[in-house]
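1. predicted coordinates and the sequence they were generated for:
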Amino acid sequence: MRRIRLIQGIMTAFALLAAGTVTLPSLAWAEPIALPGQIDPLRIYGEEIRFDVLRDGEKVGQHVVRFRRAADVLQVESRSEIEVELLFLKAYDFRYQSLEHWRGGSLSALYAATNDNGDFSRVEARRDGDMLSVRGTQGEWLAEPRTLPTTHWNMAQLAAPQLLNTLTGNPNRVTVTDAGVETVTLGDGARDARRFVYAGDLAVEAWYDAAGRWVKLRFPAEDGSTIEYVCRACGGPTELSARE
């Protein structure tokens with residue numbers, strides 16, 4: 001039976017925060033969508049966000065991100081669990097866990113472990129002077145200090161030409177195209193969100209609402225099916241109470 005593998009680099013440590021506020025890229029949002037220049041991540045998400053993982057419309061797993069601030073350190077824990085059954089037998093099993101530490105708006109440490117249907121991988125990243133020292137499946141390399149992991153929580157990644165893949169530990173070069181505003185149906189109701197299309201080392205579509213919240217993800221799996229992450233509990237109201 002053919003293994004069902006998700007595309008590497010898009011199941012990532014979906015939890016990426018900067019302590020305090022995060023500066024977002026300049027985007028041309030159509031009315032009534034208005035993206036503020038800065039957001040407080042704990043304000044817009046709260047302490048937890050949850051996604052249902054769908055394969056061709058059928059739920060096959062979940063993705064949960066939890067945020068906690070201790071003194072000057074922001075800790076982010078992410079867990080993903082996906083199981084696909086065919087003829088009542090488990091055909092595919094995916095487990096992912098990561099822990100990130102952020103200080104002063106920059107990533108200071110990251111640990112990620114993945115079990116992709118029996119294939120195990122680990123990624124570590126630590127602050128090394130002015131650079132980020134990364135160890136992944138293909139060895140070690142130095143990343144720029146403001147390099148962002150392949151997380152869709154942090155909308156700032158839309159402006160980054162290179163991302164750190166938290167499955168492999170490799171650099172991913174991407175370009176992102178704004179595809180316009182759409183109405184998406186989520187676990188807590190429908191809301192307007194803007195769709196962005198990634199190309200390059202990642203092939204994925206991501207949706208963000210007016211407050212800069214990540215609310216949906218879609219990409220093709222290797223077996224030809226479509227994988228979607230649909231937010232079940234996205235946190236906060238659908239719009240900011242006041243513009244920043």
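-> Arrived safely, thanks for sending.

2. please report phi then psi for the closest residue to T168 other than its chain neighbours.
-> Distances taken as CB to CB, 6 or more residues apart in numbering place T137 nearest to T168, at 4.8 Å, with adjacent residues excluded. The C-beta positions use only the backbone N, C-alpha and C, and glycine is treated the same way. With angles defined as degrees, to the nearest 10, T137 sits at phi -70, psi -20.

3. mind listing what T137 touches?
-> Neighbour list for T137: 121, 123, 168-170 [criterion: CB atoms under 8 Å, 6 or more residues apart in numbering].

4. let's see 7 Å
-> When the contact criterion is CB atoms under 7 Å, 6 or more residues apart in numbering, the partners of T137 are 121, 168-169.

5. poorly predicted segments of this protein, please.
-> 1-40, 236-244 (pLDDT under 70).

6. circling back to that earlier point, most neighbours among the contacts of T137, which one?
-> In terms of neighbours by other CB atoms under 10 Å, the contacts of T137 top out with G169 at 24 neighbours.

7. hang on, that one is in a strand, isn't it?
-> No - G169 is assigned coil when assessed by DSSP: H, G, I helix; E, B strand; the rest coil, not a strand.

8. hmm, it is touching E140, no?
-> No - between G169 and E140 there is no contact under CB atoms under 7 Å: 8.5 Å.

9. list residues touching both of these two?
-> V134.

10. who are the contact partners of L186?
-> 215, 230-231, 234.

11. can you pick out the most distant pair from these?
-> Largest separation among the contacts of L186 by CB to CB: V230 and C234, giving 9.9 Å.

12. which of these two has more neighbours?
-> C234 (25 against 19).

13. give me the phi and psi for the more buried one.
-> Dihedral angles for C234 - degrees, to the nearest 10 - are phi -90, psi -20.

14. wait, doesn't it sit right on I49?
-> Yes - with contact defined as CB under 7 Å, C234 counts as touching I49 (6.0 Å).

15. tell me where this structure has helices.
-> Listed from the start of the chain, the chain has helices (DSSP state H) covering 41-45.

16. residue most distant from the centroid, it?
-> Centroid-distance maximum for the chain: L87 at 31.2 Å, with CA atoms, centre = their mean.

17. quick one: that residue and E58, what's the gap?
-> Distance of L87 to E58, computed by CB to CB, to the nearest Å: 14 Å.

18. please apply the same query to V230.
-> 12 Å.

19. burial count for G224?
-> 8.

20. how about W141?
-> Applying other CB under 10 Å, I find that W141 has 15 neighbouring residues.

21. what sits against the nearest residue to it once chain neighbours are set aside?
-> Excluding its sequence neighbours, the residue lying closest to W141 (CB to CB, 6+ apart) is V134, at 5.5 Å. By CB under 7 Å, 6+ apart, the residues touching V134 are 125, 140-141, 143, 164, 169.

22. just those residues: which are in strands?
-> Of the positions in the contacts of V134, 125, 140-141, 143, 164 sit in strands, assigned by DSSP state E.

23. most surrounded residue in those?
-> For those, the largest number of neighbours (other CB under 10 Å) sits with L164, at 31 neighbours.

24. run through the bridge partners of that residue.
-> P149, P171 (DSSP bridges).

25. next one: it from E144, what distance?
-> L164 sits 10 Å away from E144, going by CB to CB.

26. likewise for L158?
-> Distance, L158 to E144, by CB to CB: 17 Å.
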